[in-house]
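Peer 1: give me a 3D structure for the following:
(chains A, B, C, D and E, ligands or ions: 4)
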Amino acid sequence: MVFVIQMIILLSFFSLWEVAGRFNWIDVLLFSYPSKILNLLYMKLIDGSLLPHISTTVIETVIGFFLGTLCGTLLAILIWSSKILEKVLDPFLVVLNSMPKIALGPLFIVGLGPGYLSIIAMTLAITVIITTLVVLNSFREIDSNYIKVVQIFGASKTVTFMKVILPASIPTIVSTLKVNVGLAWIGSIVGEFLVSQQGLGYLIIYGFQVFNFTLVMGSLFIIAIFATIMYQGVAYLEMRLNK
Amino acid sequence: MVFVIQMIILLSFFSLWEVAGRFNWIDVLLFSYPSKILNLLYMKLIDGSLLPHISTTVIETVIGFFLGTLCGTLLAILIWSSKILEKVLDPFLVVLNSMPKIALGPLFIVGLGPGYLSIIAMTLAITVIITTLVVLNSFREIDSNYIKVVQIFGASKTVTFMKVILPASIPTIVSTLKVNVGLAWIGSIVGEFLVSQQGLGYLIIYGFQVFNFTLVMGSLFIIAIFATIMYQGVAYLEMRLNK
Amino acid sequence: MNHAVKLIDVSHVYVSEQQALLAVENIDLSIESGEFVSFVGPSGCGKTTILSILAGLIKPSQGSVSIFNQEISSPSNKIGYMLQHDYLFPWRTILNNALVGLDIMKKLNAETKSHTMYLLNEMGLSDTFDLYPDQLSGGMRQRVALVRTLATQPDILLLDEPFSALDYQTKLKLEDLVFETLKTHNKTAILVTHDISEAVAMSDRVVILNRNPGRIHKIMNIPDTIRNMLPFQSREEEDFRKLFNEIWHELENIEDKG
Amino acid sequence: MNHAVKLIDVSHVYVSEQQALLAVENIDLSIESGEFVSFVGPSGCGKTTILSILAGLIKPSQGSVSIFNQEISSPSNKIGYMLQHDYLFPWRTILNNALVGLDIMKKLNAETKSHTMYLLNEMGLSDTFDLYPDQLSGGMRQRVALVRTLATQPDILLLDEPFSALDYQTKLKLEDLVFETLKTHNKTAILVTHDISEAVAMSDRVVILNRNPGRIHKIMNIPDTIRNMLPFQSREEEDFRKLFNEIWHELENIEDKG
Amino acid sequence: GCGSDEDEPTILRVGEVTRSIFYAPQYVALSQGFFEDEGLEVELTTTWGGDKTMTTLLANGIDIALVGSETSIYVYQQGSDDPIINFAQLTQTDGSFLVSRDPISSFSWELLKGSTFLGQRKGGMPQMAGEFALKKHGIDPHNDMELIQNIEFANIASAFASGTGDFVQLFEPTATVFEQEGTGYVMASFGIESGHLPYTVYMSKQSFIKNNKDAIQKYTNAIHRAQKWVETSSIQQIKDAISPYFEDIDGEIIELVIDRYRDQGSYAADPIVDEDEWNNLLDVMIEAGELEERAPHQILVDNSFAKKAIDNLE
Ligand SMILES: Nc1ncnc2c1ncn2[C@@H]1O[C@H](COP(=O)(O)OP(=O)(O)OP(=O)(O)O)[C@@H](O)[C@H]1O
Ligand SMILES: Nc1ncnc2c1ncn2[C@@H]1O[C@H](COP(=O)(O)OP(=O)(O)OP(=O)(O)O)[C@@H](O)[C@H]1O
Ligand SMILES: [Mg+2]
Ligand SMILES: [Mg+2]
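Peer 2: Numbers count the residues shown, from 1 in each chain, chains lettered A, B, ... in the order given. Ligands and ions are numbered 1, 2, ... in the order given. Down below sits the predicted model:
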């Protein structure tokens, strides 16, 4: 049922786009249309030039996704562990988060060189603080009576964390995963805008450069497909955790 | 106490930077140093060329911040109101969120023209979905027994929302505000990268263009100051809500 | 017939991944308008389940439930239900928690508000109006939840162990208070309790439930002498002890079988 | 002296923005190892507050608390505390909820686990091991919380209305179970209850608390005959009624003054 | 990249500011193996934008940068102990064109007066060259017309295509694509109008050049060879040589673009950064108000490698 509605939405979107493109209701130069995009992707797939781009970006994204979620959660744990740390760091986190990451690009290049490291650093810069803020908030929201229960048994802060805080925050962490699927893609693409020899971000910026928007749209299309796959993974995890 | 530690951190950071810059431990061309930055900002403040840039961006950011939080929360409410809508839209939200917003530039420019509208649209594109995902998750996490209590009194879905879901989600919404302070700045700056004649984002990109990183750092510095002010506002709100 | 509540052949199965549990089976019961009925039975026999069905919170797997001759499918505002646990809203003050029902039903006015404040005062909560729930003791919270339910003056009152966290003296006082309020306005009530004397003292009929699955084991009619007295006085009656022992005995039988 | 618990001149004030509330005042009490003491008193008189102080969850505003001659400042693993509300973890199964204390204390092994399962079985929860808390009735949840506290076999047991959600029969059975367990292992216990017969039947001493602020009103010693019997049998004793009435009377006095 | 064993190729890391047909000789050198012939192995990265390219060069992320000379001047202007030295020129004119929305049979620059002009962003070479050309024709860009200057490089074409502006300053291949689609018509070349400039040049840190004279020489040799190759080969040949680097541009368009650039002399014939060209660049920058003092040719340019390369080839 849900799946059917989703398919209907997708199909009508693509059909409308196709028709609009074919009948020149939209500027094909700028927006292209699905069959043209698919054709381009197919050609590139056949001649083998697409796969390296995809695999590069997917690997960067997946690494960034896991590392970002992990670091963000660990940072949240660290901050949670000390009231003073929490109060001291809170404004820094928020202000740091407001720095436009693209403007920090040169910093990464200088620090990490023009390579994968910079791209992954960009992904981390984009995901970590948001993860930290959201997860930390969920730590704070936990009913203190649950904490009391384990304290009575003499639980240390670590044990309290493992037995109460973490399991109670799982739903929020999973929802952060959903946010991070998006942020990781943005991070790796923006990172590739910075420096790259290949990858979907490279294809996008190159597409802009050579005024081939079909290529840009095609890359976005591939991103959407892989983001969907990652979403499915997270959704499966969510289902499993909710029994 | 907390304030003192924060000041110590800030001061040592800036002193270290200053010293490192003066003694050429870092490449001054790329990193500049505080006194040089402050001097530049002071000069620009005196000759009146800085204020218009600041006010432009601050206005865009504040509008984007409120609109983004509002739209994100409203979208979360809409989705919460229907189980089917929720299931249908969930993957679309996540995948949409993974589109690199910069690559959507042409869409904004074609749709909204090369002006403020595009910049604010960029801010919204960056903030709305994350807000929606986080707030929606907090709606889901509310103890269903509280909902039972109002249902017994015959509360409609709207009333349930107003009397239970919303008040119970206030802490999460406030924490999303903290996230959105950051995202709104990023949105307006990235929007200014796309189209602008004025604003801090414009200064940054101009600084890059003429390879004047002191100007870039100065703009980031101003962003940090105003982000701090916005953070204080949110922190005050948080304090008030927690009585 | 003027039934306030009518349950016809109601059964309910809780279905989960691990198991399907038949919680209550073949419940047939009619309660007249103005009647006071108590449910007693071993823990886990399905008392709360029946109340939830009556309140429209659970749709029974089988059977029909009607209220004033109307079949119900969702919570009706004729019914007030005091849940077994208080579930006060942590973000509302005590007074606002007590007023939440009136607020939702759009019945909040000077009169209903002062009535609610009167009830809070009667229950010994006069100093707590502006406090928050986590500043109250367990028994105090329970009383706030009771006021919340009484405040809207519903036609039918479902009370799930309303006095379980209270000391004897307070309990007796509140029994009288609730009893009087109901009788004056001719309200219908269903009380779940583990306190047999409470059941006997307050009710017109006591329904004894069996367990696994929950079924009606026996219904005891309380003689008029006890019925019409205030609960506190009933306990002094001659027949009281007899009835108490009878119900006790029935419950013991159930226990032994279980 | 071999005191298990010693409270010297303990007072506690709850301070919030709205008010400062003196909850308990000048509590002086020594409990010997192996003793069973009950607290009775009107709702809101500070019983839970005293238990929380003993458990090390609240630091009293004044006075000193020691356990086995050691002053306490944080929760000690010699103490087991069953809170007034169950607070079972919704993400753990019933068995895992019952085992959480052992798990945290790193005492979980085949023996302690089978002991916990034995306790669950004794309390009539044998079919619920793999269920989650929201699939249980109120009384069943309360029993799980009791098992959770007993499972770690603490030297001192603090029980805050452990049987309030249970029917008479189950309650009597569990009173005997708890009583026997404690006596065999010579454990110390403090029980908060609103059920005077429960207090008399189980305890060596009954502490009657006054309210506003909570103070010790009177301490009743239970005669050896009743003390050494199982709670179920005590109730048949001659002296029982007398003691019951005496305590009842004291509580009525307090109520009238309040 | 030090040492020069005969068989071990010297590795040079090169960053290009963008990927463009404008840099055709570079891709020729790569695809025709000119670098390999010199015993070099070139790793090419696209470091999108002048700022990123220069940053990467300064941070030693690359050894050689292909970027506009103005960046080296900006760096010099802010003072640097290790200046960036221009050693081989690749393009010698601006690469953008004046595109009109409507076909105009008899174009004159006067027509721009009172029109809406979609220009490049401030501070960049295209904007400076564009305004320089306009002023040369007696047009004050800020008063005689409505100048829209607020759109990012990659989105200028989109803005024009969606109806903003009567005229636009566009690069290739966009200009040619627009012409083919009828979206716009090329009226004039800013490359021709602004004259010869050291537009895109290979540069490196002074310290790197000092320590790797041999490698730089070889690199310059290969580039010069490619320049000659482009000068003498057919359009078709050039297209075939560079198309692996432009898979997503139509072959026909590549040819048109190469033809147009070569025709107007955009590809430098030799790697020498002439002093005249340099001064022209300084003029353009001063006119645009981006330069405080003239940056001396003798400090920022080292033509010795270029000269030697010319000698070697003869
Ligand atoms: N949400 C649920 N999901 C599955 N099983 C449930 C659920 N709620 C109750 N049950 C089961 O249904 C049976 C009856 O539960 P109910 O809460 O009605 O008992 P009760 O008579 O109110 O008990 P108590 O006196 O202990 O409150 C129990 O066996 C319980 O385990
Ligand atoms: N966290 C708190 N903050 C402020 N006041 C509190 C808090 N907890 C309890 N109180 C107050 O302290 C007094 C004693 O509370 P306590 O919970 O100890 O009572 P109790 O004897 O356990 O009552 P009950 O039998 O109803 O559980 C009450 O007046 C209550 O309002
Ligand atoms: Mg129940
Ligand atoms: Mg209590």
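
Peer 1: distance of E:Val177 relative to E:Thr116?
Peer 2: 21 Å (C-beta to C-beta, to the nearest Å). Placement of C-beta: from N, CA and C, glycine included.

Peer 1: repeat for E:Asp263
Peer 2: 29 Å.

Peer 1: which one's more surrounded, those two?
Peer 2: E:Thr116 (15 against 11; other C-beta atoms under 10 Å in any protein chain shown).

Peer 1: spit out the contact partners of that one.
Peer 2: Residues counted as contacts of E:Thr116 (C-beta atoms under 8 Å, 6 or more residues apart in numbering or on different chains) are E:145-146, E:148, E:164-167.

Peer 1: state the distance from it to B:Pro114.
Peer 2: Distance, E:Thr116 to B:Pro114, by C-beta to C-beta: 12 Å.

Peer 1: what do these two both touch?
Peer 2: Contact criterion C-beta under 8 Å, 6+ apart; residues shared by E:Thr116 and B:Pro114: E:148, E:164.

Peer 1: just the helices in chain C please.
Peer 2: In chain C, the helices defined using DSSP state H lie at C:47-54, C:94-104, C:110-122, C:138-151, C:168-184, C:196-202, C:224-227, C:231-234, C:238-257.

Peer 1: so which of these is nearest B:Gly21?
Peer 2: helix C:94-104 (57.7 Å; C-beta to C-beta).

Peer 1: that closest one near chain B at all?
Peer 2: Yes - applying C-beta under 8 Å from any C-beta of the partner chain, one finds helix C:94-104 touching chain B at C:100-101, C:103-104.

Peer 1: buried ones among these?
Peer 2: C:100-101, C:103-104 (16 or more other C-beta atoms under 10 Å in any protein chain shown).

Peer 1: nearest to ligand 4 among these?
Peer 2: Among those, C:Val100 lies closest to ligand 4 (C-beta to the ion), at 23.4 Å.

Peer 1: now do the same contact list for the residue nearest to the closest one when sequence neighbours are not counted.
Peer 2: The shortest distance from C:Val100 to any non-neighbouring residue, by C-beta to C-beta, 6 or more residues apart in numbering or on different chains, is to C:Arg148 (6.2 Å). Going by C-beta under 8 Å, 6+ apart, C:Arg148 touches C:82, C:88, C:97-101.

Peer 1: select from the residues you listed the one having the most neighbours.
Peer 2: Most surrounded of these: other C-beta under 10 Å gives C:Ala98, at 30 neighbours.

Peer 1: for the residue nearest to that residue when sequence neighbours are not counted, give me its contacts.
Peer 2: Setting aside the residues directly before and after it, C:Ala98 is nearest to C:Val147 in space (C-beta to C-beta, 6+ apart), at 4.5 Å. Contacts for C:Val147 (C-beta under 8 Å, 6+ apart) come out as C:98, C:116, C:119-120, C:123, C:125.

Peer 1: gap between C:Val147 and C:Pro231?
Peer 2: From C:Val147 to C:Pro231 the distance is 19 Å (C-beta to C-beta).

Peer 1: for ligand 2, give me its nearest residue in chain C.
Peer 2: C:Gly139 (2.6 Å; C-beta to the nearest ligand atom).

Peer 1: from E:Gln169, how far off is that residue?
Peer 2: Taking C-beta to C-beta, one finds C:Gly139 at 80 Å from E:Gln169.

Peer 1: before we move on, the earlier item: just the residues of helix C:94-104 next to chain B now: which is nearest chain E?
Peer 2: Proximity of those to chain E was ranked by C-beta to the nearest C-beta; the top entry is C:Ile104 with 51.2 Å.

Peer 1: now the closest residue to the closest one other than its chain neighbours: phi and psi?
Peer 2: Excluding the flanking residues, the one nearest C:Ile104 by C-beta to C-beta, 6+ apart is B:Phe153, at 4.3 Å. Per-residue torsions, B:Phe153: phi -80, psi 10 (degrees, to the nearest 10).

Peer 1: then E:Leu12?
Peer 2: phi -120, psi 130.

Peer 1: so it makes contact with E:Leu44?
Peer 2: No - applying C-beta atoms under 8 Å, one finds E:Leu12 not in contact with E:Leu44, separated by 9.5 Å.

Peer 1: tell me which of the two has more neighbours.
Peer 2: E:Leu12 (22 against 19).

Peer 1: so where's the stretch 1-150 of chain C shaky on pLDDT?
Peer 2: C:1 (pLDDT under 70).

Peer 1: could you report the neighbour count for the closest residue to the residue of chain C closest to ligand 2 other than its chain neighbours?
Peer 2: Spatial nearest neighbour of C:Gly139, excluding adjacent residues (C-beta to C-beta, 6+ apart): D:Ser43 at 3.0 Å. By other C-beta under 10 Å, 24 other residues sit near D:Ser43.
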